[in-house]
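Peer 1: Task: produce atomic coordinates for the following.
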Amino acid sequence: MNKSTRFQRPGLPKRNRRILSRWFFIFALIAVIAVFMLVYVWERVQVVLLAKEIDALKKQETELAEQNTELQAQLERLSDFSTLGKAAQEKLGMTFPPKELVYLPERWQELLKEESENESLSPLNLSEK
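Peer 2: The predicted structure follows:
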């Protein structure tokens with residue numbers, strides 16, 4: 001048996017085998033091109049989806065930054081002792097107890113005396129404001 005005839009299908013002429021091999025080559029080339037086109041389109045779709053997600057996240061970031069600044073301002077406003085004292089008196093009807101009813105340990109009394117001498121703001125001195 002000849003080397004060239006060993007791998008050939010018996011019964012097909014040489015011309016038909018050439019035509020079949022051309023069609024197979026064309027089909028394989030079209031299949032490869034189609035696969036590359038599908039990969040390219042899929043990649044472009046993914047890029048567009050990621051761009052939309054990035055835009056949504058940037059918008060969310062700006063909204064959260066604005067909300068954060070509003071909450072920081074509200075925290076500063078509400079943590080001020082004078083504001084707390086006024087809100088407790090006006091909204092909740094709270095009053096300061098008479099000094100005779102409040103018992104403070106000696107150490108605290110000393111600290112309050114030192115603060116009053118230094119004229120520093122104390123939460124217990126809110127009634128004076």
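Peer 1: Start from the N-terminal end of this protein and give the strands.
Peer 2: Counting by DSSP state E, one finds no strands in the chain.
Peer 1: Might you list the low-confidence residue ranges for it?
Peer 2: Applying pLDDT under 70 to the chain flags residues 1-13, 118-129.
Peer 1: ok, now with 80
Peer 2: 1-20, 78, 81-83, 96-104, 108-109, 112, 114-129 (pLDDT under 80).
Peer 1: give the contact list for residue 69.
Peer 2: Taking C-beta atoms under 8 Å, 6 or more residues apart in numbering, we find residue 69 in contact with no residue. Just so you know, the C-beta spots here come from the backbone N, C-alpha and C atoms, and that holds for glycine as well.
Peer 1: With residue 90 as the reference, measure out to it.
Peer 2: Residue 69 sits 27 Å away from residue 90, going by C-beta to C-beta, to the nearest Å.
Peer 1: tally of neighbours for residue 94?
Peer 2: Counted with other C-beta atoms under 10 Å, the neighbours of residue 94 add up to 11.
Peer 1: again, but for the one 10 residues further on
Peer 2: Residue 104 is flanked by 12 other residues according to other C-beta under 10 Å.
Peer 1: what's the first-to-last distance across stretch 81-100?
Peer 2: Taking C-alpha to C-alpha, to the nearest Å, stretch 81-100 runs 23 Å from one end to the other.
Peer 1: how about that stretch: buried residues?
Peer 2: Under the neighbour-count criterion of 16 or more other C-beta atoms under 10 Å, stretch 81-100 has residue 85 buried.
Peer 1: Measure how far that stretch is from the centre of its chain, please.
Peer 2: Stretch 81-100 has its C-alpha centroid displaced from the chain centroid by 41 Å (C-alpha atoms, centre = their mean, to the nearest Å).
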